[in-house]
Structure formats: C-alpha cells, structure tokens
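Asks: Provided below for reference: sequence and predicted model.
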Amino acid sequence: MMYDFKNIEKNWQKYWKDNHTFKASNNSDKPKYYVLDMFPYPSGAGLHVGHPLGYIASDIYARYKRHKGFNVLHPQGYDSFGLPAEQYAIQTGQHPAITTETNIATYRRQLDQIGFSFDWSRKVRTSNPEYYKWTQWIFIQLFESWYNNESNKAEDIKILVSKFEAEGNATVNAACDENIEPFTAAEWNAFSEVEKQEVLLKYRLTYLAETEVNWCPALGTVLANDEIVNGVSERGSHPVVRKKMTQWSMRISAYAERLLQGLDTIDWTDALKDIQKNWIGKSVGASVTFNVNGHNEKIDVFTTRPDTIFGVSFMTLAPEHELVSQITTAEQKADVEAYIEATAKRSERDRMADVKTISGVFTGAYAEHPFSKEPIPIWIGDYVLASYGTGAVMAVPCGDQRDFDFAKHFGIPIPNIFDLSNIKGTSENSPLSEELEEAFTSKDNVKIVNSDFLNGMNYKKASKRAIYELEQLGQGEGKTNYRLRDAVFSRQRYWGEPFPVYYVNGMPQMIEAEHLPIKLPEVEKYLPTEEGEPPLGRADVWAWDTTQSLVVSNELIDHKTIFPLELNTMPGWAGSSWYFFRYMEDAANRDGVFASEEALNYWENVDLYIGGSEHATGHLLYSRFWVKLLKDRGFVNIEEPFKKLINQGMILGTSAFVYEFIKEKIDISTTITSGFNKSIFISHRIIQKIESLPLEEREIYIDSKLKNKFLSIISQEQFDKCKDSIKFPKRDTRALHVDVSLINSSDELDIEGFKNWRTDFQNAEFITDDDGTIKVSRDVEKMSKSKYNVVNPDDIVADYGADSLRLYEMFLGPLEQYKPWNTAGITGVHGFLKKLWKLFVNENGLKVTDTEPSKDNLKTLHKTIKKVEEDIENFSFNTSVSTFMIAVNELTSQKCTSKEILEPLLVLISPYAPHIAEELWSQLGHEGSISTVDFPKFEASHLVESSKKYPISFNGKMRFTLELPMDMPKDEIEKTVMAHEKTIAQLDGRTPKKIIVVPGKIVNIVG
RNA sequence: GCUGAAGUGGUGGAAUUGGUAGACACGUUGGACUUAAAAUCCAAUGUCCAUUAGGACGUACGGGUUCAAGUCCCGUCUUCAGUACCA
C-alpha cells in the first residue's frame, strides 16, 4: 500500500470538519489554553508559503497542548476592513464587501487544505456588522471615560461632571489637553451645554482635535508618511501639503506609564519590549517656566537636566511655536518669517533626515533666567520639534551636543558649569568652555560649578535642589515626559467602521448602544467628494433621526431632531484591538455582549500569541491600551491581553535570474529598423566559467567551446562584433527575473516553459551548457509578485501534501529567523513521511505486530519523546523534525515492528503531520481521532547506558574514541587510557604534564 | 548615531550547563535495480596535503581566559531589523 497523501489528507480534513474535532468548549474540567495567531488581512493575491509559517507553529503547539490534556482554544478569523479592497473598489466599482468575500473564500480554502486545528465556529470578521457593532460600542466607552491620575484608572465621565459641578476643575488631576482654563463650580454650572461639551472633550479618552495631516488635494485624501516620497504622493506623484483637520484622537498617552510598566509582567522577547519602550519614550526631568522680557507671555520648556540650569545661554523655539510671532522684534521680523517659510516647505521627513545642517534665526527677544535674572536670547531653530515636549528648549551648550553645535555655529557663549578637572586633567574650571571640543553629556562622576546654590553637587542632588528652588519661585516642577503621542483615529476612507456619532451644533453626540450597529451606508463611488469630504459624504441616507433612532435620508436634516452623521471611518487597528475577546464567546451566544462574563473569566487572556514583529508599535500597543480601558471600566478582568508572544520570521523568496545578451552588442546593421531583434540567453554557468578565466585565456575558451554554439544562431560577422562582449559577460548581459516555477531543483531553466512564459521570448535562443541546460543564478529577496519568486502553498500541497508542507516549513530553521524558501529541500521531508509510512505498512498492508520491543527500540523512542517535548516547549520546531527523522531512520534499520513503540511515535508526530498520524492511528485499529490521545510519557530508565564511548583528546584535540564502562572510576579510566596503544603512539615517548578525566564526558591528555 | 539580533561546509541549518564542530536534510559524485525514466536502496562528501596510514587548518576578523572555546571576556568588521535632531 502506497502513501496516498491526497486521499488521506482529504479524508481526515473532512472527518475533523464533520466531527467538530477542534471545537472548543467553555465548560471543561481540563485546564484552559488559548493559542492565537495574528489574524490575516484577506488580500486578493491569496496565501504564499510565508503566511502559514506562524499558523503551523501555533497549530503544532495547540495540538501538543491537547495531547497534554488542555482544553485548547485555537480560533481564526479575518481582519477584513482595509485599504486594498477599497483601492480595488475605486478602480473597478466593485463593492469592497464583495471583493472581501471572494478573498476570504480563497483564504479559507487555502487554510483548510493545510490541516489546521482551528475552531472555525468562532470565526470573526471585523467588517461584519455583528462584529463592528461592538467596536462602535467600545468607542462609546472611550468617549464616556476620562483618566483619573489620582486613582490611576479610567472612570465614567459622569464622575468628572459631578466633580465639576461641586468643585470646578482645580482639584481634578486628569490626563487631559494642555491648555485648559481653570474654572469654579459656579462657572461650570453657568456654562452653556455646548461650552460644557467643549470642556469635556478635553478630558474624554477619545476626543475631537485639530491635527496636522499630509493632505493630497489631487487624490483628495490623507497620506501616511511612507506614502509620500520626496514630498509628493507615492501614487501619481501629486503635491502634498500639511493641513489641519478636525479628527478623532485616542488619549493613549494617559496610559503611557501603565503601558510601560505592564511590559515587565509579560513574556515577550526583549527586542519587542525594547521597541515599545522606545516608542513610549519616558524621560524624567522638570518643566521650567521662563518669563519673556517685555511681554506677559511665558515659555515653558521641558528638560531632563534641571541640574544644568545655570548653563543656559540661549533658548530655542520650534519655528511653529505659537509665541514666535508675538515676541519677534521688528528688526528680526523679516529674517524670522523667511526662516519659518523655508522650514514649512520642508517635510518633516526632510527635516529629520538632515541632521547635519545647523540653521536658526534670532528673534530679537530675551527671556529671563529664573535664578540669575540674566537675559537669555531666544532663537528659533528647526532642530527643535514642535511635536515633542513643549516645542521649546532651554539650551545648555556645555551639556548637550546639539545646543553646543548650535552655539558654536552662531557664536553664542558656551559657559561651563562642570568641574572637569578630574576628567580633562586641567587644574582650573574655565569660565567659558570654548576649549571644549564637544559637549560634556555624561551625568556620572561630575560636579556642578559656577552655579550658585548648586555648586559642588552631583547630578542627582543638583536636579532635586533645582526643582525645589523652581517650585519655590513658582517657575517649574518635576515632570515626566513621554514621547508617545495620542493616536489619530479618523480615516477619510469608506471601507472601515462608521463612527456611532452625530453632530448637534457642531458637538459630537454618541448614538445609544441599543441602536448599534450603525451600518456602513451605500455610496455610488468610493472616492472623496468634490468638496474634499470623505467618501461617506457621498451617502444619501446618512443622517440620524433622534426621535425614531434610525439612519434616515440626508434631505431630512433639520438640526432639530435629525442631524448629520460623522463622515470619517475608523482605522484598521480598531477592529483588531479587541478581537481576541470575541473568540472567547461561542458564536451562538454573541448577541447581547461582545463576550459574556463567564467566557471572559474562563479564557482570561491569550496564553500564546504568534505573529510578525512589524506590529510592535501598532496593533500590539493599541490592543494593550484598549484592554486596560476595558478593565478600568469593569468589562474585563485582565490588564494584559497577550501573556506570551512569539514573532515568527519572514520567509524570503529565492529569485532566479536568466542572462540575456545586450542586443546592441550583436547588432551589425547600420539602420535602426533592421537592428538585431532576437533575445539570446546564456547559461549562468558559462558566465561564471568565463569570468573565472584570466583575460588572455578567455578567447581560447570562447573559440574552442562557444563559437559553434553562437554560429548556429548568429552570423560570423555578428560573432566577431560581439566577441568582446562575450569576454565580459557580467558587464554585457542583463539579468532578468524569471518565474521560479520554471526552475528545477538543479537551478536549470525549463526552456520550453520559458519561451511560452512571455510572448517576447517566443523566438529566444539559448547558449546552453554542454548538457543542453541553461543555468540560472539565485538570490534571496522578499517574496513578491513583481520578483516572480512567490511560491504558492497550493502547488506544494498538490505535489507533496499538507503534512510535507507543514514539516518543511518547520524544518527550514528557527521560527523567529528570516530565512529563504527553497522548494528543492522539500523532497527530504516528503521522503521522511514515506519512510514513516513504510515503518507501519508494506505491500500487504499493516505490518505492525505485538512483538516485545527491543532495548534499542525503547531507547530510540524515549530519547525522541524527551527531545521532542523539550523542543516544543522551547518553540524549537526545526530540531524536532530532525529528531523524527533520526528516530524513523533508527527504527527502520532496527526493523522495528512493535506496536508498543510505533503507537507512541505516532502521537509524537501528530502535531506536526496530523493527517498521516490520524490515518496510521486508525489503521492500527483505533476509533476516533488521535488528537486528544495522551502524550507519551518519557522514562529515563531506557536511556541509561552501561558504557560510554570516551573521546580521547591530546591538548584539546580529539584523536580517537575508547569505549569504557560507565561506572569505571576516574583513576581506572586514566590507567586504561594511558595503557592504550594509540595513546602511546600519540605521546611518542613524551610524558604527559596533566591528565584531565571527566567521567561520562571526556579525557584530555596535556603534554 | 543609538538600540536589538545575527555571522558555522556548495545550501538550509545542528551542537542543552565550555567537553568528539558540521547532527538532520538538500545538493553533488559514484554504485545497485531498470530497456529507459521515475521511485527506491547503498557508499562518499568541511578545506588542504598524503597512494595508504595519517597530518595540517577550520565556526566573520584580531586578541585573551581555560586542560579544553562556535559557546565565556575585550576589541574590530559585516549583514539584517527597529528607531531617529526626544531637549
């Protein structure tokens, strides 16, 4: 009986489906385990072999946990809102829902044939109204919340309102906008409804604010930074301008500290934690307020070095700083305005990329030093960013390199406040540190001097004292700053969640949760309107009737009971920030809640999450934020969604290149029209051969080996002309990407297939190797359609089966590593599966017997159990595949037929190659699936050895091995080894200086 | 620049706490079977020297610690990823 993977895999996939084998239950005596993959965006191109890598790993782990007696939840779904479908809709008019539906069907078919143990009954789609109903609901919760810094959690906005009613806002310590005017209870109560709403927006966790965006008028849309290349749009090269827009934002900054602290409680890689830490960017320091001479305005700055306050010799404001226009003196006005205009033209990217150019302008104004009361010139410079801190810095040139460079460039004094005598070796403190070649930026081992009350103190002490003194003056306080910005939540797109928001007097109102979902309206086109409104501006039925609680026609808007609805939609990360909770609930019980309390309490959080590291600062941060909010508001009980997280590496494509002679080199014609017009391809092996020869030998080689080949294609005259080119084939050929499906495992081109691949190669000619083949060269690149290096898993499954694909993807290398795909190697794992099959079955059928296992059989089995279990626990799947191969090789040569050995072996392999394991399991006479059979138990007794093959080394170099009993004592080993003839031969009469004997390990003879 | 990860045969990669470097595969070469091909099986395969026996060298590079280093320490280089005038 042959290993008929096609039928086996089809049958078992059907069996699992029919029997709901992998359906998770929310009621179980078993401990729970939740394994999750980052769900895919269903793109039109379908899956390539890179996509399933993480899914296979998580599937192995999920199946392993089932064998280990866990109640496993392993769901899958689709992140089905997104740009590609919308882009396609704009081009073709096809509704994105239809495209999405088709793409999902393809994904599902492709996923199904790989044999994943997903519980599909719990699938979700973010674009499904039943799902986004709850995304909208969570948005409302954010709107109805504020962050109380005292209790350090989000609370109901009603609590804030009652505080305002009773005490005003002076006693409230909240995460809120910077520019809030203080008000009393009486003032609050006297506010109009609109005024109250305006104030509350500054406190809500999602709020409307003016945000600068990259607006592309030609495309009528906002572009992300990476959609802009050289100041114009990537698509179409249209101009892009910075524009202010009112948009929804998420006050994620309120959670900066908790997002940072939470990292210590979760099992993620340090690399990933570092990315998030850097992104949050915590810095501890002080805010300092400077008075401006001759003005009432004050300038706030943030500094991490309050200890260096006496080293301030100027201030720098970002050119966009709001005070610039007010404080600039008449003489400086022209210069300042010119500078501001020049910076505005440069994109933020340009400004950031260009670190070397130092530029700035003096405003003519002076600030007053809080302690010395000395005047401090105020400059503007684009090295100060408006978006970080307060957009202003107190410049301490002796302690900060950028300030130093700026001061040096513009001839501003650089007073020294560091006692550098022990560092620089100079005996005196220089009053001006012009001798300094660079700023002294270290905080360690240095004392402050020339600084009044800070003299003689170290960094820590001086910082504390400076903050204290600033507080006494009312001109500063200790402050912690975060780089983390609030996240813009509006998108001017169609294919996303609509906001449950309508506007009364320009103030946003939430639609009652009971009326959700607010479904996406139909539009006739998916483009922005002519007026630059988002695509929803084209909807005719997009107004909210407050009396009927219905979406009604726009014509009915009267601003009394019927109001306009929000035109923006939510971003891609909205739906993905909470989907892991939705899976916890059985599909049947999802109506009333996003997930029931029982389900949430049972599954708690994701035990193992697998996905790409590219989501480090997006999805993985936003979901943590939303989970913390939901916890604060009492909807869930966990602080962190993903306990353990593993990043799978990318699978790269192995591109193939053919080499075409540059036609002009062959061309001998005198007119353009009669030019040489045939493509001639030359085997890469010949190119390598020629290039490896010294110049003078090349001609001989060409005349003897290649001339005839060329003359069968071109004339003698043409050959003579291009001979020089043939001598330099690297220079005079063009490398072309060729579809990797036309290449066999020996890097040879399928010449006929290649001719048919593109019509312009129909008449191509080939300079082949002597065996008649064209060799291609290979290079590793990212898998992409345009590089013709995409490998479709469908083809692999058809040729070798899903089990082979699963094993091979794991066999390629460590999960986290980036690695190239090379289909050639798959025959190895496929051969292994055939060998495994043959261990159980021969021409006459099942050959497994009840024979007592031999000692060797048991040893092989148990060392395999041990290794595989360790490997899975360590996510080292590649090494367990090798272990299986070794086991099967050994058992084959041992001619093992013992059921006692082969049965547990099947269970070990079943997480990796579930189809063949199920098939053989049932052939062994078992009813039902192998998937929940107990994992074999390792018994160390089978691995106990009575003897050890000792490596005998001389000066650390292994020379021969010697088999000795395991229990032989040290001195006995030494005696035996020394008496051995090979030892005597090695020593050649010398007396060893030292003999190291490590029992059970090694013998090393020194001398 | 900073942060993180990684450099091992022709290729993908093994090597658990320092203890036989190159497991397991691919590829290549030779052989068996076959009319032939495929499939399968057997053998060899780090490099160099040597007929063999054997020897020298070898984990990016240069040092060091140790009886013993791919593994630990110091320095250098390269590649990849993240991030970037963060005050």
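Replies: Yep, that arrived.
Asks: roughly how far out does the helix or strand that contains residue A:91 sit from the chain middle?
Replies: Residue A:91 belongs to helix A:83-92 when elements are defined using DSSP states H and E. Centroid separation between helix A:83-92 and its chain, computed with C-alpha atoms, centre = their mean, to the nearest Å, is 25 Å.
Asks: same for that helix, what does it pack against?
Replies: Packing partners of helix A:83-92 (3 or more C-beta pairs under 8 Å, 6 or more residues apart in numbering; DSSP states H and E): helix A:96-112. Every residue, glycine included, has its C-beta placed from N, CA and C.
Asks: Same question for the helix holding residue A:91: list its buried residues.
Replies: Buried residues in helix A:83-92, counted by 16 or more other C-beta atoms under 10 Å: A:84-89.
Asks: wait, isn't residue A:95 in contact with residue A:89?
Replies: Yes. Residue A:95 is within contact range of residue A:89, at 6.4 Å (criterion: C-beta atoms under 8 Å).
Asks: What's the local residue count around residue A:358?
Replies: By other C-beta atoms under 10 Å, the residues close to residue A:358 number 15.
Asks: if I look at the residue lying closest to it once chain neighbours are set aside, how far off is RNA strand B?
Replies: Using C-beta to C-beta, 6 or more residues apart in numbering and skipping the chain neighbours, the partner closest in space to residue A:358 is residue A:409 (4.4 Å). Computed as C-beta to the nearest atom of the strand, to the nearest Å, the residue A:409 to RNA strand B distance reads 12 Å.
Asks: Residue A:409 in helix, strand or coil?
Replies: At residue A:409, secondary structure determined by DSSP: H, G, I helix; E, B strand; the rest coil is helix.
Asks: any idea of the angle the helix holding residue A:91 forms with helix A:96-112?
Replies: 130 degrees (axes from the mean of the first three to the mean of the last three C-alpha atoms, to 10 degrees).
Asks: State the number of residues packed around the closest residue to RNA strand B within the stretch 1-150 of chain A.
Replies: Going by C-beta to the nearest atom of the strand, RNA strand B is nearest to residue A:2 of the stretch 1-150 of chain A, at 9.1 Å. Residues near residue A:2, counting by other C-beta under 10 Å, number 9.
Asks: how near is it to residue A:843?
Replies: 9 Å (C-beta to C-beta, to the nearest Å).
Asks: Check residue A:966 too.
Replies: Distance, residue A:966 to residue A:843, using C-beta to C-beta: 43 Å.
Asks: and the stretch 501-650 of chain A, which of its residues are near RNA strand B?
Replies: Applying C-beta under 7 Å from any atom of the strand, one finds that the stretch 501-650 of chain A approaches RNA strand B through A:613-614, A:616-617.
Asks: For these, which single residue is the most surrounded?
Replies: Neighbour max across those (other C-beta under 10 Å) = residue A:616, 20 neighbours.
Asks: ok, how many other residues are close to residue A:595?
Replies: If you count neighbours by other C-beta under 10 Å, residue A:595 ends up with 23.
Asks: Let me see the contact set for it.
Replies: Residue A:595 is in contact with A:581-582, A:584-585, counting by C-beta atoms under 8 Å, 6 or more residues apart in numbering.
Asks: Throw those into TSV and include neighbour count and pLDDT, thanks.
Replies: Below are the contacts of residue A:595 laid out as TSV (neighbours: other C-beta atoms under 10 Å; pLDDT from 0 to 100):
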residue	neighbour count	pLDDT
A:581	27	96
A:582	23	95
A:584	26	95
A:585	21	93
